[in-house]
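**Q** One predicted model, sequence on top.
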Amino acid sequence: MSRRLGKLSAGVATTGIVLGAVAVLTAGTAAAATTYATGTVAYMCNFPGIGQQQLDVKANFVGPDSVASGGTATPSSVGGTATINATINALLNAANYDGVRGKANMPITATNATPTSATVTNLDVPTQINPYVPGPRSFNIVQDAGTSVPTLTAGAPGSGVISLGTTINAPLDFHKKDGTWTAWNFNCTVKNTNPAQNRAFSPAIPIT
């Protein structure tokens, strides 16, 4: 994520995270659009003042119903949410943080499509500054004119799967209650669980 991630008000860290999609075919006949989305994916992130804490991310994109083998598609309507739990929200509040702004860089991986790994860069995390409210808190992440989304080429007939990567990076500005901003390089790594978390967008994309 590049700088300006949305606001983290005291203790609730929800960094929604939406990831763009494989959308417009540049070869062949365009197909109807489908929304592809992940479930909740937990990441461990370095929050200012409170250290490593969990951030729950959901991502989505709009893409074609199907893609011809060898055809290309460019992600569109990339978006998502990031959420912090009530404890993190309270800890951030106690550390005098009430907001955030920035950009997000989100790696993705592809199965039966190329490139097999790429990064959606400069997703926007709009400025979000709000008084503390106990409980979890979520933040929106959206594609804007400055977002760079990779073009993917479909592989062999069958299906292709796009997944969130194992890391997220966001150079952010965290807002303090005194009106000042603090630059923070926000880094996240997917939480290690057994079984491993499902990071795939659903449904799989048919390749004809």
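**A** Right, received. Where do you want to start? Please read these numbers as outputs of a predicted model, since none were measured by experiment.
**Q** just so I have it, where are all the helices in the protein?
**A** 86-94 (DSSP state H).
**Q** so where is it shaky, pLDDT-wise?
**A** 1-31 (pLDDT under 70).
**Q** doesn't Ala104 make contact with Pro171?
**A** No: if you go by CB atoms under 8 Å, Pro171 and Ala104 don't touch, sitting 9.3 Å apart. Bear in mind the C-beta positions are built from the backbone N, C-alpha and C, glycine included.
**Q** Just want to know which of these two has more residues nearby.
**A** Each of Pro171 and Ala104 has its neighbours counted (other CB atoms under 10 Å); Ala104 has more, 35 against 18.
**Q** For that one, list each beta-bridge partner.
**A** Taking DSSP bridges as the rule, Ala104 bridges to Leu123.
**Q** Over to Pro64?
**A** Going by DSSP bridges, Pro64 forms beta bridges with Ala33.
**Q** Ok, Gln52 next?
**A** Under DSSP bridges, the beta-bridge partners of Gln52 are Asn46.
**Q** List the residues that contact it.
**A** 44-46 (CB atoms under 8 Å, 6 or more residues apart in numbering).
**Q** can I get those in JSON lines with distance to Asn192?
**A** Below are those laid out as JSON lines (distance: CB to CB, whole Å):
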{"residue": "Met44", "distance to Asn192": "8"}
{"residue": "Cys45", "distance to Asn192": "14"}
{"residue": "Asn46", "distance to Asn192": "16"}
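**Q** Separate out the buried members of these.
**A** 44-45 (16 or more other CB atoms under 10 Å).
**Q** For Asn122, state which of the contacts of Gln52 is nearest.
**A** Asn122 lies nearest to Cys45 out of the contacts of Gln52, by CB to CB, at 18.7 Å.
**Q** Dump stretch 87-107 to PDB, keeping only the CA atoms.
**A** Provided in PDB are the C-alpha atoms of stretch 87-107 (Å, rounded to 0.1, in the frame of the first residue of the first chain):
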ATOM      1  CA  THR A  87      -9.100  -4.400  21.500                       C
ATOM      2  CA  ILE A  88      -6.900  -3.000  18.800                       C
ATOM      3  CA  ASN A  89      -9.300  -0.100  18.300                       C
ATOM      4  CA  ALA A  90      -9.100   0.700  22.100                       C
ATOM      5  CA  LEU A  91      -5.300   0.400  22.100                       C
ATOM      6  CA  LEU A  92      -4.900   2.800  19.200                       C
ATOM      7  CA  ASN A  93      -7.300   5.200  21.000                       C
ATOM      8  CA  ALA A  94      -5.100   5.000  24.100                       C
ATOM      9  CA  ALA A  95      -2.100   5.800  22.000                       C
ATOM     10  CA  ASN A  96      -3.900   8.900  20.800                       C
ATOM     11  CA  TYR A  97      -4.500   7.800  17.200                       C
ATOM     12  CA  ASP A  98      -7.800   8.500  15.600                       C
ATOM     13  CA  GLY A  99      -7.300   8.300  11.900                       C
ATOM     14  CA  VAL A 100      -5.300   7.200   8.900                       C
ATOM     15  CA  ARG A 101      -4.800   8.000   5.200                       C
ATOM     16  CA  GLY A 102      -2.700   6.500   2.400                       C
ATOM     17  CA  LYS A 103      -2.300   4.000  -0.400                       C
ATOM     18  CA  ALA A 104      -2.000   0.200  -0.400                       C
ATOM     19  CA  ASN A 105       0.100  -2.200  -2.500                       C
ATOM     20  CA  MET A 106      -1.400  -5.700  -2.600                       C
ATOM     21  CA  PRO A 107       0.300  -8.600  -4.200                       C
END
